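>>> can't give you the sequence, but here's the structure:
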């Protein structure tokens, strides 16, 4: 059995930094909240599921700097803007935006409804656009910031019954690079995390028979996010891929 690991077992110190994590109530978003808080960052847990967001914020706050939470549907422009405004007004700044929120609808394209298509794109692609759109001016005003977009190996290749998920993640990878180009002159870093399969509700709830040995612990990806955020001021990593050793969707 592998030894028990501690959240954020690292020398990185993010004391005083503020991170807003979308989809922070579960999965990778939740793991990222714990990892960043363990380094001293003040975490704002954003999630459409209020109970989950509150639970994570309370759990994080038991061990590290007090975390806060807010209800957030990233596909809603008003809520996205309010989330950024509230974070800056209550915390005094916004150093990191982690776009972790994501959904899927696993169906053949001829069975996928236009409404389902629109909803997945709204969360997975429009959501990061909206959050970034409102975060960038706040980050520019304070002189720096870092946006991390959680992409997927679905942005690099394709498999059946995932057309809308592929479309959203290929689009998000393109958006991330476009934001990277726009952000650099403003001293704002943008990184795409291309993550392979993780042991999170996103997969386990939909595919209960999946071989979990082909998946990775979400905290591994969260610690990769921390690595990206901890680079020197003069360095940015635009893209990094993080795969489980037995990843089945990638050679």
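Arrived safely. For clarity, every value in this text was computed on a predicted model and none was experimentally measured.

>>> Can you list the helices and strands that the top strand by length along the chain packs against?
Using DSSP state E, we find that the single longest strand of the chain is strand 188-195. Applying 3 or more Cβ pairs under 8 Å, 6 or more residues apart in numbering; DSSP states H and E, one finds that strand 188-195 contacts helix 127-142, strand 145-150, helix 163-183, helix 218-229, strand 239-242. C-beta: built from backbone N, CA, C; applies to glycine.

>>> who touches residue 163 in this structure?
Taking Cβ atoms under 8 Å, 6 or more residues apart in numbering as the criterion, residue 163 is in contact with 109, 112.

>>> same thing with residue 239?
173, 176, 177, 191, 192, 194.

>>> In ChimeraX, how would I select just the buried ones from those?
Remark: buried members of the contacts of residue 239, expressed as a ChimeraX selection using 16 or more other Cβ atoms under 10 Å:
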select :173,176,191,192,194
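
>>> Relative to residue 158, how far out is the residue nearest the centre of the chain?
Nearest to the mean C-alpha position of the chain, by Cα atoms, centre = their mean, lies residue 100 at 2.2 Å. According to Cβ to Cβ, to the nearest Å, residue 100 and residue 158 sit 22 Å apart.

>>> Equivalent analysis for residue 164, please.
12 Å.

>>> so which of the helices and strands packed on strand 188-195 is the most packed in?
Compared across the helices and strands packed on strand 188-195, strand 145-150 shows the largest average neighbour count, a mean of 25 (mean count of other Cβ atoms under 10 Å).

>>> who's in contact with the residue lying closest to residue 101 once chain neighbours are set aside?
Counting by Cβ to Cβ, 6 or more residues apart in numbering, the nearest residue to residue 101 once its immediate chain neighbours are dropped is residue 23, at 3.3 Å. Going by Cβ under 8 Å, 6+ apart, residue 23 touches 29, 46, 47, 74, 100, 101, 102.

>>> so which of these is the most crowded?
Greatest neighbour count in these, by other Cβ atoms under 10 Å, goes to residue 46: 33 neighbours.

>>> What residues does the residue nearest to that residue when sequence neighbours are not counted make contact with?
What sits nearest to residue 46 in space, not counting adjacent residues and going by Cβ to Cβ, 6+ apart, is residue 72, at 3.7 Å. Counting by Cβ under 8 Å, 6+ apart, residue 72 touches 22, 46, 47, 48, 53, 79, 80, 83, 101.

>>> at 10 Å instead, please
For residue 72, the contacting residues are 20-25, 44-50, 53, 79-80, 82-83, 86, 101, 127, 131, by Cβ atoms under 10 Å, 6 or more residues apart in numbering.
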